[in-house]
Structures are given as C-alpha cells and as structure tokens.
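Engineer: just the structure for this:
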Amino acid sequence: MLYVVITILLFILSFVAGMMGLGVAFIATPVLGLFDFELKHVIMPWSLWLNGITAISTAIALARAHLVDWRTAWPLLIITTIVAPIGVWLLDFVPTNVIWWIYVGVLFFLAYRMAFPPKMDDDHPPVIPDATRIKAGAASTGIGVFAGFLGVGPGFLMLPTLVMLGYTARVAAATTAVIVTLPSFSAFARHLASAQFDWLMLILTSIAAVIGAQLGGRFMAKRVKSLTLTRLFAVALVFLAIQRAWILLAG
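Structural biologist: Here you go, the predicted model:
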C-alpha cells in the first residue's frame, strides 16, 4: 500500500513541479519526510535522482515550446553542476534539524519574493541584456552550493532569482528546468557512497515522476500565465514551510 500511495503522490507532485519548470525535489523532500524516511541517506539521494529526471522531462516539453533562454541556461548549468557537490560535502558538519530549519527559512523567504513579482507580460517577453545574465551567473554559484547542501537541486532558488532579475516566470521556469538537470545528478553522485535505496520504490516513483513532469510542463507551456505561476509557487512554498515547521516543533 505504501508503494502505491507514494508513487501516486510523487506523480501529482511532479506534475505541479513540471508546471513550475522545476525538478520535484524541493517539494518531494519535505513530503517524503512525512513518512519518516531518514533524511541524509534516504530522502536526499532519492529526491535528487527524481529531481534530475523530472527536470529533464520538463525541460524537453518547455524547449519544444521555445520558452528556454539558452544563453542563460548553458553557463548556469555548468556553474551549478560544478559547485553542487560542495554543498553535499558540507552536510557532514551540520545536524539534520538545523538543515530542516534552514530549509523552512528559505521557503518562507522565497514565498514572499514570489508573491510580489515584478510586472510580467507573457505576450512581450523582456529582452535580457548580457549584464543580467552575468548577475544570474554570479548568483548561481551560491545557489548551487546551497541547493546541494539542502539536497533539493537549485531550481527552487534559481526560478525566483531569475524572476527578480527580470525574466518572465514562464521563461524563468523553462530556463531553470534546463539548469537543474546536471547539478541534481552531480549532487546525487556525491551521495551514492552512503545512499540507501528501496529499488522497487525508486523504479516506480521514477516512472511516475517522469510522466507527471512531462504532463505538467506541457500544461504550463500552453495554458499557465506568469502571474498565475508565481502565485502557485508562493502558495506551495508557504504550505511546505508550515508543515515542516510544525513537525520540527512537535518533535
């Protein structure tokens, strides 16, 4: 029964993540925590793996819709892939509860930033100057390390960063989907030596997550406006932050 519940749940979460142009780890990590799986050796490698494959699935759907800003995506993909394992290495020095509280704080901050985005016009996407891409590249270094530390991939940090720099949420989501693919796998590789997998669960949830992300990406490309996307993202972040804080305080 647990296999069925988690597989269906991750399909739904991957659909939502696909709509946002993200890998599923940012939302899967706290949800899997509700089932009392161990964080560092079970949830984090599992989520990072799912994050990478769902990001690829979403990126394919959004690239076909011509929403990806490739001049931003390629450099940031390289930077975050290189630095993500540094964040995983830092995990050895920080207690699990501290990691969860940092995660809660980041979720609340990002929810606030996404709830009040700059004015966006999907019909006339802004021209992105090279200076803005340089700022995005500089920010991606810290984002890659921090995301590797949290075990969630850089997408949930990269998306609001690009929006704050002037990208529409749809273009930011599509570009982020490309950026988070390889960093998820580089961080995942750093976990492999100590990871603990239930292989049947991993296979079932991987299939469900890829299908969900592909459908979510296609839905977003055709029907979801930027303002709707940012508000949906903000609500999801607040919900996750509250439920994780409740668990930490109750424990």
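Engineer: packing partners of the lowest-mean-pLDDT helix or strand in the chain?
Structural biologist: Least confident helix or strand of the chain, by mean pLDDT, DSSP states H and E, is helix 226-250 with a mean of 78. Applying 3 or more Cβ pairs under 8 Å, 6 or more residues apart in numbering; DSSP states H and E, one finds that helix 226-250 contacts helix 2-20, helix 25-33, helix 96-115, helix 155-164, helix 169-179. C-beta coordinates here come from the backbone N, C-alpha and C atoms, glycine included.
Engineer: what's the following helix or strand after the second one?
Structural biologist: If I follow you right, that is helix 25-33. Using DSSP states H and E, the helix or strand that follows helix 25-33 towards the C-terminus is helix 44-64.
Engineer: ok now the helix or strand following that following helix, how far from the chain's centre?
Structural biologist: Using DSSP H and E, the helix or strand that follows helix 44-64 in sequence is helix 70-90. Offset of helix 70-90 from its chain centre (Cα atoms, centre = their mean, to the nearest Å): 13 Å.
Engineer: can I get helix 70-90 as PDB, trimmed to CA atoms?
Structural biologist: Extracted C-alpha coordinates of helix 70-90, given in PDB (Å, rounded to 0.1, in the frame of the first residue of the first chain):
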ATOM      1  CA  TRP A  70      19.600  29.100 -23.900                       C
ATOM      2  CA  ARG A  71      22.200  31.900 -23.500                       C
ATOM      3  CA  THR A  72      21.300  31.900 -19.800                       C
ATOM      4  CA  ALA A  73      20.800  28.200 -19.400                       C
ATOM      5  CA  TRP A  74      24.100  26.800 -20.600                       C
ATOM      6  CA  PRO A  75      26.500  28.800 -18.400                       C
ATOM      7  CA  LEU A  76      24.400  28.400 -15.300                       C
ATOM      8  CA  LEU A  77      24.100  24.700 -16.000                       C
ATOM      9  CA  ILE A  78      27.800  24.400 -16.000                       C
ATOM     10  CA  ILE A  79      28.400  26.500 -12.900                       C
ATOM     11  CA  THR A  80      25.700  24.800 -10.700                       C
ATOM     12  CA  THR A  81      26.900  21.400 -11.800                       C
ATOM     13  CA  ILE A  82      30.400  22.100 -10.700                       C
ATOM     14  CA  VAL A  83      29.600  23.600  -7.300                       C
ATOM     15  CA  ALA A  84      26.600  21.400  -6.200                       C
ATOM     16  CA  PRO A  85      28.800  18.600  -4.700                       C
ATOM     17  CA  ILE A  86      30.400  21.200  -2.400                       C
ATOM     18  CA  GLY A  87      27.100  21.700  -0.700                       C
ATOM     19  CA  VAL A  88      26.700  17.900  -0.200                       C
ATOM     20  CA  TRP A  89      30.100  17.800   1.400                       C
ATOM     21  CA  LEU A  90      29.000  20.500   3.900                       C
END
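Engineer: as a whole number, average confidence for that helix?
Structural biologist: Averaging pLDDT along helix 70-90 gives 91.
Engineer: repeat that for stretch 136-150.
Structural biologist: The model assigns stretch 136-150 a mean pLDDT of 89.
Engineer: which of the residues in it are buried?
Structural biologist: Neighbour-count burial for stretch 136-150 flags 136, 139-140, 143-150 (criterion: 16 or more other Cβ atoms under 10 Å).
Engineer: out of those, who's nearest Leu165?
Structural biologist: Ala136 (5.8 Å; Cβ to Cβ).
Engineer: element containing that closest one, please.
Structural biologist: helix 130-150.
Engineer: got the angle between that helix and helix 70-90?
Structural biologist: 30 degrees (axes from the mean of the first three to the mean of the last three Cα atoms, to 10 degrees).
Engineer: just checking, what packs against helix 130-150?
Structural biologist: helix 70-90, helix 96-115, helix 155-164, helix 181-191.
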